[in-house]
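**Student:** Test case, fold it:
(2 chains)
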Amino acid sequence: DVKVTQSSRYLVKRTGEKVFLECVQDMDHENMFWYRQDPGLGLRLIYFSYDVKMKEKGDIPEGYSVSREKKERFSLILESASTNQTSMYLCATRQGYYEQYFGPGTRLTVT
Amino acid sequence: AQSVTQLGSHVSVSEGALVLLRCNYSSSVPPYLFWYVQYPNQGLQLLLKYTSAATLVKGINGFEAEFKKSETSFHLTKPSAHMRDAAEYFCAVSDPEGSQGNLIFGKGTKLSVKP
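**Tutor:** This next block holds a predicted model:
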């Protein structure tokens, strides 16, 4: 079974802090994704990566950056957290054009 | 551009009743289609997928979905709802001939099951 883990299930940060969300997968998948999920808005793609050191902007990249130094790890960075970044963050992996596998999510609250 | 429409953000059924969650897609080529389920405070879990084999697809937990090209639909059904089916359900589509084939998700349908 594919396993996708995220560094924290719940996180509380203050406005202006730098926040790191980490995602690790154990299936050697090429593609990794970061989404945020908000009520009524569904899943929105922030960034994705199809190879080590490669990254592509998704639909809502503003205020976020990513890092992929190793194939199994994909980090999402909030350079200066703001209250409108309070959300559920979901990491996913994928091989080819088939299904995506999701981590358990990180519920981030910025106060 | 591809899109996915899920009709009804909330659906409520009684325990034992039929579950029908609707999904329509727009795609110029035969797509790959997926249904995911999300329980509270968890990630998304794959229920079933269509990848151009049989048009009637069976998934986990007694769910199934039928790909209807003429209607551009991929509705999710379950004959008899259980309380444990209460969750949010997402339909997703990908274009297997697209440059990256990223999944496009619908906005989700929250299913409530009444005792």
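**Student:** how close does the closest residue to residue B:85 other than its chain neighbours get to residue A:44?
**Tutor:** Excluding the flanking residues, the one nearest residue B:85 by Cβ to Cβ, 6 or more residues apart in numbering or on different chains is residue B:113, at 5.6 Å. For the C-beta atoms, the positions are set from N, CA and C on the backbone; glycine is no exception. For residue B:113, the distance to residue A:44 under the criterion Cβ to Cβ, to the nearest Å works out to 28 Å.
**Student:** Please enumerate residues in contact with the lowest-mean-pLDDT helix or strand in chain B?
**Tutor:** For chain B, the helix or strand with the lowest mean confidence is strand B:104-105, at a mean of 89 (criterion: mean pLDDT, DSSP states H and E). Contacts made with strand B:104-105 from outside it, assessed by Cβ atoms under 8 Å, 6 or more residues apart in numbering or on different chains, are listed as A:42-43, B:2-4, B:90-94.
**Student:** of residue B:113 and residue A:44, who's got more company?
**Tutor:** It is residue B:113, of residue B:113 and residue A:44, that has more neighbours when counted by other Cβ atoms under 10 Å in any protein chain shown, with 19 against 15.
**Student:** For the closest residue to residue B:59 other than its chain neighbours, which residues are in contact?
**Tutor:** With Cβ to Cβ, 6+ apart as the criterion, residue B:59 has its nearest non-adjacent residue at 2.8 Å, and that residue is residue B:48. Residues touching residue B:48, when contacts are defined by Cβ under 8 Å, 6+ apart, comprise B:34-35, B:57-60, B:63-65, B:76.
**Student:** Pairing partners for residue B:48 in the sheet, please.
**Tutor:** residue B:35 (DSSP bridges).
**Student:** so what's residue 13 up against?
**Tutor:** No chain was given, so I picked chain A. In this structure, residue A:13 makes contact with A:19, A:78, A:81, A:108-111, judged by Cβ under 8 Å, 6+ apart.
**Student:** hm, I was asking about chain B
**Tutor:** Taking Cβ under 8 Å, 6+ apart as the criterion, residue B:13 is in contact with B:19, B:81, B:111-114.
**Student:** Fine, thanks again, bye for now.
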